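S.K.: no FASTA, just this:
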Ligand code: IPE
Ligand code: IPE
Ligand code: MG
């Protein structure tokens, strides 16, 4: 991936804290795992439309390092869903030019989940349309500590540190994609240890929509709001004006997903 890709202001890195699966299920009188299952469908919808909305990189928070505190049965269910999703999607990702990556610890993941991720990463290596990163057993603070240890005394600049962090994420030598747009669903307004370094100048978007209900229209709305923001990065308005509005959805309808 070329450096300019990340710097094209029309192509952005969006990161999503997919929250509210449990509440969605509970409100319907269903077990929490049913909410996670519906959440997987929402992820599928978002991945499908992201490139058409100007998203070049998408990081989805799928399982935090703190989520191990949940009941063992829920954790097992989540891991099974992740594995199933990655295995099922890999062919489509390969076909559609989607590069799949995972960030976070791997040593605590079930062996079969790790294997599914590694297979997806190697099969989709050439994908250039969308970089899709799953944050799994992820803690931003742990990643920062590791990057600091890795960089050691060489860590003389932000740039050097960012490269060390990219190495921690398993993409050594690649420019670390800063987050342009950070979305959190389900009405919560916190970061929960997600992409702390990369979100230094992220535009934040919070929506009450529960993740399983999130779809193309919600992403389109978030992108529209993002495109109206003026990002001055601490300076004055130097012509980085809001971007033009997005083209309307085809036929104003939701696209059909296989
Ligand atoms: C987000 O939904 C999914 C994960 C954290 C894996 P939650 O499971 O946190 O849903 P709520 O917040 O309990 O509704
Ligand atoms: C953050 O959601 C983690 C993921 C979405 C994977 P949580 O629901 O676990 O976070 P808190 O507990 O509300 O901060
Ligand atoms: Mg939650």
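M.R.: Cool, got the structure. Keep in mind that this is a model prediction, so the values were computed, not measured. Ligands and ions are numbered 1, 2, ... in the order given.
S.K.: so which bits of stretch 198-207 are buried?
M.R.: Residues of stretch 198-207 classed as buried: 198-199, 202-203, 205-207 (neighbour count, 16 or more other Cβ atoms under 10 Å). In this view, the C-beta of every residue, glycine as well, is placed from N, C-alpha and C.
S.K.: ok, which of the residues you listed also contact ligand 1?
M.R.: Among the buried residues of stretch 198-207, no residue lies close to ligand 1 (Cβ under 6 Å from any ligand atom).
S.K.: name the helix or strand for residue 141, please.
M.R.: Applying DSSP states H and E as the criterion places residue 141 in helix 140-151.
S.K.: let me know the average pLDDT across that helix.
M.R.: Helix 140-151 shows a mean pLDDT of 95.
S.K.: and it, does that touch ligand 2?
M.R.: No: remark: helix 140-151 sits outside contact range of ligand 2, by Cβ under 6 Å from any ligand atom, the gap being at least 11.2 Å.
S.K.: next: stretch 183-199.
M.R.: Yes: using Cβ under 6 Å from any ligand atom, we find that stretch 183-199 touches ligand 2 at 188, 190, 192.
S.K.: pull the residues that contact that stretch.
M.R.: 13-20, 23, 59, 61, 64-66, 135, 138-141, 144, 161-162, 165, 176-179, 182, 202, 204-211, 214, 219, 222 (Cβ atoms under 8 Å, 6 or more residues apart in numbering).
S.K.: returning to that earlier point: ligand 2: which of the buried residues of stretch 198-207 is nearest?
M.R.: Distance to ligand 2 across the buried residues of stretch 198-207 (Cβ to the nearest ligand atom) is lowest for residue 206, with 12.6 Å.
S.K.: thought residue 93 was touching residue 126?
M.R.: No: in this structure residue 93 lies outside contact range of residue 126 using Cβ atoms under 8 Å: 10.8 Å.
S.K.: now for these two: what residues contact both?
M.R.: By Cβ under 8 Å, 6+ apart, the residues touching both residue 93 and residue 126 are residue 99.
S.K.: who has more neighbours out of the two?
M.R.: Using other Cβ atoms under 10 Å, the more surrounded residue of residue 93 and residue 126 is residue 93, with 20 against 8.
S.K.: show me what contacts the more buried one?
M.R.: By Cβ under 8 Å, 6+ apart, the neighbours of residue 93 are 99-100, 120, 123-124, 127, 132.
S.K.: one more time with 7 Å
M.R.: Contacts for residue 93 (Cβ atoms under 7 Å, 6 or more residues apart in numbering) come out as 100, 120, 124, 127, 132.
S.K.: just those now: which is nearest residue 35?
M.R.: Of all the contacts of residue 93, residue 132 has the smallest distance to residue 35: 21.7 Å, by Cβ to Cβ.
S.K.: so the closest one makes contact with residue 97?
M.R.: No: checked against Cβ atoms under 7 Å, the pair residue 132 and residue 97 is beyond contact range at 10.6 Å.
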